[in-house]
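Q: got a structure for you, letters missing:
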């Protein structure tokens, strides 16, 4: 009887070596940019007390992976990286302010899966704690924009709104307090599901579908007539342009779903793949730390969604084949294995990622192995090469092959690769 193989859980996925190599390179570039802006690395546990998230993430609490552990405690996997940061800051009052940190780690949400959206995902977070400055808001956005630029993934647009302005408009429209969050969540889906479905969703929540039009008109009046808001828009634009960010759009329908946002909210969209929605976003959350510690502290942050961005890049054919090893030293003669291993060791000492083929096998088989792993060059050292004290180095892309003196192999390979 054929055995049924276990399947990956819905909403989770495996990453094979070529994918994981590419993901690690992306993470490395994002980390470099964040550190260039002065953000320091840190991390928090994957498992937290369930109470930490209650009252902080609104109705999304139902999406938490939670359970009772062996000690009888109700615990939850990290829903996001921001709420644990608030706990950490509240527990460490002597941290220098403003506190600028980044963390790249997994989070878990039991949400409906869709293209590019998974139940386990990696977030690349940055936050500034302890500053009310609009420059802090702009710097978080700019650091993320620079990170996208470093990845060379094409044009990325940042959409911006302000929840403080939204709250003011909803108050004027007399939207019931209990309906504000459902209203914002429906409008936040406008780009994804279209106007008709948003209007239908408003009706399902007991709201007048025409409220969408009234909201739009009220927001336009706010941005046209209120000097304060016009000044905010102009100042934010000037700051972002000062940081080198130019692809900016103010979007009155952008809300961001989480309840803890209090000021600026923003999202990044990959222009070539808008159907994937936001590939990153964030906002100001001045009240979150106060909810946990009782001491209010201003804060702003954002996060690049690695998995959704990676899925979009794969869909666009922008993820090139990747390999860990750049060179394969072939095993073509049992009598020269020791010398061949010495060549591999010298290449590694020179900083070149190198593999040695374990079994003495036909060259055709070893070439196929190298090509399948996207290795760039091979080194061949058999009896003939040993007598000449040389090795053959073949570049697989061009098929060019040269005999190289043993003490010059690393230099020659570096010239091919770098």
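A: On my side now, so go ahead. Since the structure is predicted, the reported quantities are computational estimates derived from the model, not experimental observations.

Q: need the contact list for the closest residue to residue 325 other than its chain neighbours.
A: Of all residues not flanking residue 325 in the chain, residue 355 sits nearest, at 4.1 Å (C-beta to C-beta, 6 or more residues apart in numbering). Bear in mind the C-beta positions are built from the backbone N, C-alpha and C, glycine included. By C-beta atoms under 8 Å, 6 or more residues apart in numbering, residue 355 lies in contact with 325, 327, 328, 329, 344, 373, 375.

Q: And residue 159, which helix or strand is it part of?
A: strand 156-162 (DSSP states H and E).

Q: Distance from the chain centre to that strand, please.
A: Taking C-alpha atoms, centre = their mean, to the nearest Å, one finds strand 156-162 lying 17 Å from the centre of the chain it belongs to.

Q: Run me through the strand neighbours of it, direction for each.
A: Strand 156-162 sits in its sheet next to strand 248-250 (parallel), strand 264-270 (antiparallel), going by DSSP bridges.

Q: And the average pLDDT for it is what?
A: Computed over strand 156-162, the mean pLDDT rounds to 91.

Q: One more: stretch 41-61?
A: Stretch 41-61 shows a mean pLDDT of 86.

Q: got the buried residues for that stretch?
A: Buried positions in stretch 41-61, judged by neighbour count with 16 or more other C-beta atoms under 10 Å: 48, 50, 52, 53, 56, 57, 60.

Q: my read: the second one touches residue 77, true?
A: In other words, residue 50. No - between residue 50 and residue 77 there is no contact under C-beta atoms under 8 Å: 9.9 Å.

Q: which residues do those two both contact?
A: 64, 66.

Q: about what we covered before: could you let me know which of the contacts of residue 355 ends up closest to residue 88?
A: residue 325 (38.8 Å; C-beta to C-beta).

Q: residues in contact with that closest one?
A: 353, 354, 355, 373, 375.

Q: Now do the same contact list for residue 45.
A: Here residue 45 is in contact with 78, 84 (C-beta under 8 Å, 6+ apart).

Q: what about 10 Å?
A: Shown in contact with residue 45 (C-beta atoms under 10 Å, 6 or more residues apart in numbering): 75, 77, 78, 84, 105.

Q: With distance to residue 28 and secondary structure added, can I get these in a markdown table?
A: Formatted as a markdown table, these follow (distance: C-beta to C-beta, whole Å; DSSP: H, G, I helix; E, B strand; the rest coil):
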| residue | distance to residue 28 | secondary structure |
| --- | --- | --- |
| 75 | 31 | strand |
| 77 | 25 | strand |
| 78 | 22 | coil |
| 84 | 23 | helix |
| 105 | 15 | strand |
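
Q: Tell me the secondary structure at residue 289.
A: helix (DSSP: H, G, I helix; E, B strand; the rest coil).

Q: domains of the protein?
A: In terms of domains, the chain is parsed into 17-315, 327-417 (source: automatic domain parsing).

Q: picking that back up, among the contacts of residue 355, which ones are in helices?
A: residue 344 (DSSP state H).
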